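**Q** Predicted model follows, preceded by the sequence.
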Amino acid sequence: MELKSLNEFVKQFSNSLPPAFQDLKSEFEDQFRIGLSYALQKLDLVTRQEFDVQAELLIKLEAKVTELEQKISSLENPIKNNS
């Protein structure tokens, strides 16, 4: 999660605190931001850009595997026919 999005989320959440807790707002924001950042890091997430790169590589890999399977099949056919 981008830092800007994280900060906006923390702000929105802290603004929803009951009035009695408004005095603790900045302390709460700091602690909540730290806790949320830690939890997100533990999830071992990737960015959308990293995901897209890996998806593109997978598509290329699948095409290469299909191509190699066809080559192997064409090489096996003459051997089977001669047996």
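**A** All right, it came through fine. Numbers count the residues shown, from 1 in each chain.
**Q** so where does Val65 fall, helix or strand?
**A** Per DSSP states H and E, Val65 falls inside helix 48-82.
**Q** Next: Phe13.
**A** helix 3-15.
**Q** who does that helix touch, helix- and strand-wise?
**A** Judged by 3 or more C-beta pairs under 8 Å, 6 or more residues apart in numbering; DSSP states H and E, helix 3-15 is in contact with helix 25-42. Quick note: C-beta positions are derived from backbone N, CA and C, even for glycine.
**Q** Who are the packing partners of the helix it packs on?
**A** Partner elements for helix 25-42 (3+ C-beta pairs under 8 Å, 6+ apart): helix 3-15.
**Q** related to what we said a few turns ago, who's in contact with the helix holding Phe13?
**A** Applying C-beta atoms under 8 Å, 6 or more residues apart in numbering, the set of residues contacting helix 3-15 from outside is Met1, Lys25, Phe28, Glu29, Phe32, Arg33, Leu36, Ser37, Leu40.
**Q** Leu57: which of these is nearest?
**A** Each of the contacts of helix 3-15 was scored against Leu57 by C-beta to C-beta, and Met1 proved nearest at 24.1 Å.
**Q** just to revisit the earlier point, and the angle from the helix holding Phe13 to helix 25-42?
**A** 130 degrees (axes from the mean of the first three to the mean of the last three C-alpha atoms, to 10 degrees).
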